[in-house]
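# sequence and predicted structure, then a few things I'm wondering about:
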Amino acid sequence: MAVKARQIFSRARDLTVHPRTRKIAIWTLSLVVAFGVLLGLIAPPLLRGKIAGDLSRKLHREVTIEQIRLNPYAMTATMRGFLIKERESPATAISFDELHVNLELQSIFRLSPVIKELRLLKPYVNLVRNEDFKYNFQDIIDNLTSGPSGGPTPKFALNNIQLIDGRIEFDDRPEQTKHLISSINIGVPFISSLPSYTDIFVKPSFSADINGAPLHIVGASKPFHSSHESTVDLDIDKLQINKYLEYSPVALNFKVPSGELNGKLNASFKTAKDSPSIFNITGNLALTELAVEKSSGTPLGKIANLEVTIDAIEIFNNKSVFKSIKANGL
């Protein structure tokens with residue numbers, strides 16, 4: 001009996017280390033290791049030079065990238081030390097310390113990006129409005145707006161979006177004033193046009209110091225609910241439309257000499273398994289003493305009061321439902 005048992009174990013051992021089986025295992029392991037080495041060690045330096053070179057040519061500004069790291073096994077990509085200089089100056093126009101992206105495996109099968117986490121650390125923007133009312137990025141803006149209009153909404157899913165410790169310096173030369181928005185932190189649970197379902201750990205939020213005055217907007221979320229629902233409330237109080245339209249980087253063929261906007265809006269994020277994520281806006285808006293003119297100054301219209309009650313604006317479904325629209329003094 002003991003001899004027979006030894007024979008059985010010996011045959012089993014021979015089967016497990018069969019030369020063909022061993023060869024397949026070695027080749028498989030070698031391919032996995034080679035794939036990791038190729039993407040993790042060899043590709044990043046090539047990508048760094050390629051991306052920086054292409055962006056420099058397209059933007060007509062020097063672009064540098066300190067480091068790109070890829071982990072094909074964890075499906076993560078990290079870019080560090082990104083910098084765009086001003087067009088005719090060594091000054092920094094745009095930069096960030098780190099951009100980290102974590103892809104889901106389903107991106108491969110969907111042929112569309114499904115991002116589990118996107119984190120941008122310390123982005124910086126130097127924005128200048130010159131005396132001719134054009135911006136230091138005017139050539140880029142003009143190129144983007146001169147092409148054909150976009151087609152259907154691309155398929156994508158962005159989850160757990162975080163912007164950490166951002167900073168914007170705005171030099172408004174026509175008004176001879178400078179604005180500083182610092183300590184910018186933004187959290188967006190998800191924005192998606194694809195049926196996607198992943199772990200959500202970011203609450204909707206926005207905080208910043210605007211010229212030294214702190215602003216904090218924090219939403220509510222249900223991370224353990226099946227819908228991962230999150231909501232944000234926004235109150236708009238006496239917003240002067242004409243003052244903000246002055247800063248439009250795109251040339252407008254009309255003017256708004258007067259008009260005040262008030263309202264209360266609610267933005268909600270919902271997602272469910274095997275269903276597209278939903279980004280809805282509800283609430284009400286009120287316009288008062290609105291006047292619109294052509295660029296030449298010819299009046300186009302006025303309205304004393306316009307009130308709109310929004311039942312739902314579904315951002316990615318191109319669908320809007322209004323409960324009521326009331327106009328006075330048109």
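Cool, the structure landed. Quick caveat, the model's predicted, so the values are computed rather than measured.

# what residues are bridge-paired with the residue nearest the centre of the chain?
Centroid-nearest residue in the chain, with Cα atoms, centre = their mean: residue 161, separated by 7.1 Å. According to DSSP bridges, the partner residues bridging residue 161 are residue 118, residue 188.

# quick check: chain neighbours aside, which residue is closest to residue 329?
residue 304 (2.7 Å; Cβ to Cβ, 6 or more residues apart in numbering). From N, CA and C alone the C-beta is placed, and that goes for glycine too.

# what's in contact with the host helix or strand of the one you found?
Using DSSP states H and E, residue 304 sits in strand 299-314. Strand 299-314 is contacted by residues 254, 265, 278-294, 319-330 when judged by Cβ atoms under 8 Å, 6 or more residues apart in numbering.

# residue 102: what's it in contact with?
Per Cβ under 8 Å, 6+ apart, neighbours of residue 102: 74, 75, 76, 115, 116, 117, 118.

# pretty sure the fourth one sits against residue 157.
Going back to what we said before, that points to residue 115. Yes. Using Cβ atoms under 8 Å, residue 115 makes contact with residue 157 at a distance of 6.7 Å.

# which residues are in contact with both of the two?
Contacts common to residue 115 and residue 157, judged by Cβ under 8 Å, 6+ apart, are residue 104.

# report pLDDT for the residue nearest to residue 329.
Looking at residue 304, its pLDDT reads 96.

# ok, now how distant is it from residue 258?
11 Å (Cβ to Cβ, to the nearest Å).

# list the residues that contact both of those two?
residue 289.

# quick one: distance of stretch 146-165 to the chain centre.
Distance of stretch 146-165 from its chain centroid, counting by Cα atoms, centre = their mean, to the nearest Å, is 6 Å.

# in the stretch 51-200 of the chain, which spans are helices?
For the stretch 51-200 of the chain, the helices defined by DSSP state H, counting those that start in this stretch cover 106-110, 138-146.

# worst mean pLDDT among the ones you listed?
Minimum mean pLDDT among the helices of the stretch 51-200 of the chain: helix 106-110, a mean of 74.

# any stretches of the chain with poor pLDDT?
The chain contains residues with pLDDT under 70 at 1-19, 22-23, 25-40, 147, 149-153, 195-197, 221-228, 272-276.

# ok, residue 42 - how many residues close by?
Per other Cβ atoms under 10 Å, the neighbour tally for residue 42 reads 11.

# helix/strand/coil for it?
helix (DSSP: H, G, I helix; E, B strand; the rest coil).

# measure it to residue 68 for me?
Taking Cβ to Cβ, one finds residue 42 at 12 Å from residue 68.

# can you check residue 145 too?
From residue 145 to residue 68 the distance is 30 Å (Cβ to Cβ).

# also residue 82?
Distance from residue 82 to residue 68, by Cβ to Cβ: 10 Å.

# over to residue 185?
Counting by Cβ to Cβ, the gap from residue 185 to residue 68 is 25 Å.

# more neighbours, these two?
Higher neighbour count among residue 185 and residue 68: residue 68, with 22 against 14, using other Cβ under 10 Å.

# what about that one, distance to residue 57?
Applying Cβ to Cβ to residue 68 and residue 57 gives a distance of 19 Å.

# now residue 81
From residue 81 to residue 57 the distance is 20 Å (Cβ to Cβ).
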